[in-house]
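Trainee: with the input below, show me the fold.
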Amino acid sequence: MRATWARPFAAILAAVIFATGLAHFPTAAFADAERVIDRGAVFDEAWNTVRDNFYDRTMRGLDWDKVKERHRPQYTAAKTDKDRSAAINAMLAELHASHMFHFTRDEPAYYQLLGIFQYGVREGIKKHLDGDIKYPGIGVFTRDIDGQTFVSGIVAGLPGDKAGLKTGDEIVSVSGQPFAPVASFRGKVGEKLVMKVRRDRDGPEIDVEIQPTWIDAPDAFEAAIADGARVIEAGGKRLGYVRIWSYAGQRYQNALANILATGKLKDVDALIWDLRDGWGGAQPEYLDIFNARAPDMTFTDRKGDPEFASFKWRKPAVILANGGTRSGKEVLTYGFKKYGYGEVVGERTAGALLAGRGYMLSDATFLMVAVADVAVDGERLEQKGVEPTIPVPFDIRYAAGRDPQLDKAIEVLSTPRG
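Mentor: Residues are numbered from 1 along each chain as shown. Down below sits the predicted model:
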């Protein structure tokens, strides 16, 4: 059996988080783009795009012309794409709004966002990238803290998972060179590389053999829902765990329903729904899966194969949330908490709830702009977030795979009430 929904995915509320991975696109396409770039024009293009599309016509009370002039010297003096992007991001930061970022093709988020917004920027993808947005990578999320890079999440089924990387590992080097989220893997798909990690703060470096692969981000995130789902035995109960890295499309909600209705979690006693980190995009109606007062509905064809038109989860559930729970995922967390579906375990969500739209600029860089304000039940979550019902801090550094937030969720669901 499988679950299906007819309602279209209406809009994307994208969360911005950095995912390790890199892309490989035809060298000639990039070379051609480089030869015709007018750097000053690109800065103006970014400035104009924000002026014409930012959700607040007053530009948050800023004199946008003066903002441009303050940041143009930094952009003009920059010698690299990274530094030029930093100048644009410094300009965007003055608006103090989420969903305002500029990315270059040397950043993993660039390719993740192209996967989410590909239909809106399809002409740019075709022109600059030869229409191909797959990327070679290992499928881990990373976080830079005090000049060090730590694994903050591992996508099930991808090379990082298969190699045994753990949340909290400090990435020291790849093939003897400093780790760079794109350059470390470019042109090395299929090769066996040695990644050095440090699992303990004062411990030795550990060699991890890893083999990058081509990744189609939307497909990889969908597959990870089933690949990463597992049953946890605790307190005489069978608890189901599922993590959703991206919610930017109905396909991910369908995958969740499938794993609960007919997959490996169909017979568990309770559910841990992990919405930490990754990408947003979720719609409020996704919470309907927890509406016990609505009926299930199943279609069965002449072959006797049933399909769920609607599936409802009527057992206990807990959400895991943290500061990387953004955008549409915050809507789900807010509703889950407000309407009493279960506990929210972890940390306050990001407070990043504006509607974002992606634009590919003439140099093939990517600009995200907040194009609409968002309220949930009349309440703005932007710069506020959602507080957990059970706060559990989590410093990922050298966690060696330990997860106190998950441990607390297991405790909550396995301990008898009363």
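
Trainee: which residues touch stretch 58-70?
Mentor: Stretch 58-70 is contacted from outside by 43-44, 47, 50-51, 91, 94-97, using CB atoms under 8 Å, 6 or more residues apart in numbering. (C-beta placed from N, C-alpha, C; glycine too.)

Trainee: domain ranges for the chain?
Mentor: Listed domain ranges for the chain are 135-215, 217-353+379-414 (source: automatic domain parsing).

Trainee: how about those domains in TSV, adding mean neighbour count, distance to Y119 and mean pLDDT?
Mentor: Shown next, in TSV, are the domains of the chain (neighbours: other CB atoms under 10 Å; distance: least, CB to CB, whole Å; pLDDT from 0 to 100):
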stretch	mean neighbour count	distance to Y119	mean pLDDT
domain 135-215	18	18	94
domain 217-353+379-414	19	11	94
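
Trainee: returning to what we had before: for ChimeraX, write a command that selects the buried ones of the contacts of stretch 58-70.
Mentor: Selection of buried members from these for ChimeraX, criterion 16 or more other CB atoms under 10 Å:
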select :43,47,50,91,94,95,97
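
Trainee: quick check: the farthest pair among the contacts of stretch 58-70?
Mentor: Longest distance between any two of the contacts of stretch 58-70 is 22.3 Å, between D44 and H96; criterion CB to CB.

Trainee: quick one: F101 and A90 touch, right?
Mentor: No - taking contacts as CB atoms under 8 Å, F101 lies outside contact range of A90: 11.6 Å.

Trainee: more neighbours, these two?
Mentor: Using other CB atoms under 10 Å as the criterion, F101 and A90 rank with F101 on top: 23 against 15.

Trainee: list the contacts for the more buried one?
Mentor: 16, 89, 92, 109, 367-368.

Trainee: mind checking which of these are in strands?
Mentor: Members of these lying in strands (criterion: DSSP state E): 367-368.

Trainee: which among the contacts of F101 gets closest to D161?
Mentor: Using CB to CB, A109 is the member of these that sits closest to D161, with 20.3 Å.

Trainee: count of residues packed around that closest one?
Mentor: 19.

Trainee: does it really touch G115, like I thought?
Mentor: No - the criterion here is CB under 8 Å, and A109 misses it with G115 at 10.5 Å.

Trainee: relative to L239, how far out is A270?
Mentor: Distance, A270 to L239, using CB to CB, to the nearest Å: 5 Å.

Trainee: ignore the last one, F221
Mentor: Separation of F221 from L239 (CB to CB) stands at 23 Å.

Trainee: go on, F43?
Mentor: 52 Å.

Trainee: how about D305?
Mentor: Relative to L239, and taking CB to CB, D305 is found at 30 Å.

Trainee: assumed A309 was part of a helix.
Mentor: No - per DSSP: H, G, I helix; E, B strand; the rest coil, A309 lies outside any helix segment and is strand.

Trainee: identify the bridge partners of the spatially closest residue to it that is not a sequence neighbour.
Mentor: Closest residue to A309 apart from its sequence neighbours, by CB to CB, 6 or more residues apart in numbering: M297 at 4.4 Å. Counting by DSSP bridges, M297 is bridged to S310.

Trainee: do the same with I206
Mentor: V197.

Trainee: thinking it is in contact with K196, fair?
Mentor: Yes - using CB under 8 Å, I206 makes contact with K196 at a distance of 7.0 Å.

Trainee: what sits in contact with each of A270 and L239?
Mentor: Residues touching both A270 and L239 (CB under 8 Å, 6+ apart) are 413-414.

Trainee: in the stretch 101-250 of the chain, which spans are helices?
Mentor: 108-117, 122-129, 159-163, 217-228, 250-261 (DSSP state H, counting those that start in this stretch).

Trainee: let me fix that: the stretch 301-418 of the chain
Mentor: 328-338, 404-414.

Trainee: pull the contacting residues for I138.
Mentor: 20-21, 158-160, 163, 165, 185, 210, 212-213.

Trainee: now, those that are in strands?
Mentor: Using DSSP E, the contacts of I138 in strands are 210, 213.

Trainee: from the contacts of I138, which single one is nearest T349?
Mentor: T20 (22.3 Å).

Trainee: re the thing from before, in strands, which of the contacts of stretch 58-70 fall?
Mentor: Per DSSP E, strands hold no members of the contacts of stretch 58-70.

Trainee: near G131, how many other residues are there?
Mentor: The burial count for G131: 13, using other CB under 10 Å.

Trainee: I'd like the numbering to begin with 4 instead of 1 from here.
Mentor: With the count now opening at 4, the last piece we talked about shows up as G134.

Trainee: give the closest residue to it in space, chain neighbours not counted.
Mentor: Leaving out its chain neighbours, the residue that sits closest to G134 by CB to CB, 6+ apart is I128, at 5.9 Å.

Trainee: repeat for H74
Mentor: Of all residues not flanking H74 in the chain, M94 sits nearest, at 4.1 Å (CB to CB, 6+ apart).

Trainee: with I148 instead?
Mentor: R400 (6.3 Å).

Trainee: ok, K240 next?
Mentor: Here the residue nearest K240, using CB to CB, 6+ apart, is D272, at 4.5 Å.

Trainee: report the beta-bridge partner residues of the residue nearest to G127 when sequence neighbours are not counted.
Mentor: Excluding the flanking residues, the one nearest G127 by CB to CB, 6+ apart is M363, at 3.2 Å. Applying DSSP bridges to M363 gives these bridge partners: F369.

Trainee: M363 - how many residues pack around it?
Mentor: Using other CB under 10 Å, M363 has 22 neighbouring residues.

Trainee: now do the contacts for it.
Mentor: For M363, counting by CB under 8 Å, 6+ apart, the contacting residues are 117, 124, 127-128, 131, 369-370.

Trainee: could you export these as CSV, including distance to L335 and pLDDT?
Mentor: Shown next, in CSV, are those (distance: CB to CB, whole Å; pLDDT from 0 to 100):
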residue, distance to L335, pLDDT
L117, 24, 92
V124, 26, 91
G127, 31, 90
I128, 29, 91
H131, 34, 89
F369, 26, 95
L370, 27, 97
